[in-house]
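Participant: can't give you the sequence, but here's the structure:
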C-alpha cells in the first residue's frame with residue numbers, strides 16, 4: 001500500500017471515511033509524506049501528512065523499475081538517487097523546480113509551500129466507486 005523513495009518521502013494509499021448528511025463514504029486516496037533533509041527545506045512550509053501505522057510500506061523496487069526501461073537495477077538506483085540529490089540541492093539554493101512523477105502527480109513549490117498535487121487520473125484509478133468524493137478530498 002505504500003512505497004518509500006529514499007531521501008524524498010513515502011507514497012501511500014490510505015482509506016478515509018467521509019460522513020455526509022445522506023451516507024458514509026470510504027474512499028482510497030493517495031498521500032505523500034515528505035522525508036527530506038531539513039536543511040533543504042529552510043523557509044519552506046510543507047503539509048504534515050501522517051501515514052497510518054497499519055499501512056505496509058515497501059522500499060522502491062529498483063529491479064521492477066529496471067524491467068520497465070531495460071536498464072540494470074544499479075543504474076536505475078543511481079539515477080533515482082542522483083535525481084533526488086539534485087532536487088534537494090535546487091531547493092537548498094532557493095530554486096523551486098517542479099518534480100513530476102509520471103502518472104502520479106507533481107511535487108511543486110508555490111509561495112514557499114512544498115506540496116504534492118496528484119493527477120486526477122491517479123486518484124480516479126485508485127477509487128472507482130466514489131471517484132468525485134476522492135477527487136474533492138485530494
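Facilitator: Perfect, thanks for sending it. Predicted, not measured: the structure shown is a model, and the values here were computed from it.
Participant: State the three-state secondary structure for residue 25.
Facilitator: Of the three states, residue 25 takes strand under DSSP: H, G, I helix; E, B strand; the rest coil.
Participant: What's the local residue count around it?
Facilitator: When counting by other Cβ atoms under 10 Å, one arrives at 17 neighbours for residue 25. C-beta: built from backbone N, CA, C; applies to glycine.
Participant: For it, give the beta-bridge partners.
Facilitator: Assessed by DSSP bridges, residue 25 has beta-bridge partners residue 18.
Participant: the longest helix in the chain is where?
Facilitator: For the chain, the helix with the greatest residue count under DSSP state H is helix 73-92.
Participant: what residues does it touch?
Facilitator: For helix 73-92, the external contacting residues (Cβ atoms under 8 Å, 6 or more residues apart in numbering) are 5-8, 36-37, 39-42, 44, 60, 62-63, 65-66, 69, 71, 96-97, 99, 109, 114.
Participant: May I have the secondary structure class of the residue at the greatest distance from the centre of the chain?
Facilitator: Ranked by distance from the centre of the chain (Cα atoms, centre = their mean), the top residue is residue 22, with 31.8 Å. Three-state call for residue 22 (three-state DSSP): coil.
Participant: Now do the phi/psi pair for it.
Facilitator: Dihedral pair for residue 22: phi -100, psi -30, per degrees, to the nearest 10.
Participant: Please identify the buried residues of the longest helix of the chain?
Facilitator: Using 16 or more other Cβ atoms under 10 Å as the test for burial, helix 73-92 gives 76-77, 80, 84, 87-88, 91.
Participant: pLDDT averaged over that helix, what's the number?
Facilitator: Averaged across helix 73-92, the pLDDT comes to 92.
Participant: now swap in stretch 6-21 and tell me
Facilitator: Per-residue pLDDT over stretch 6-21 has a mean of 86.
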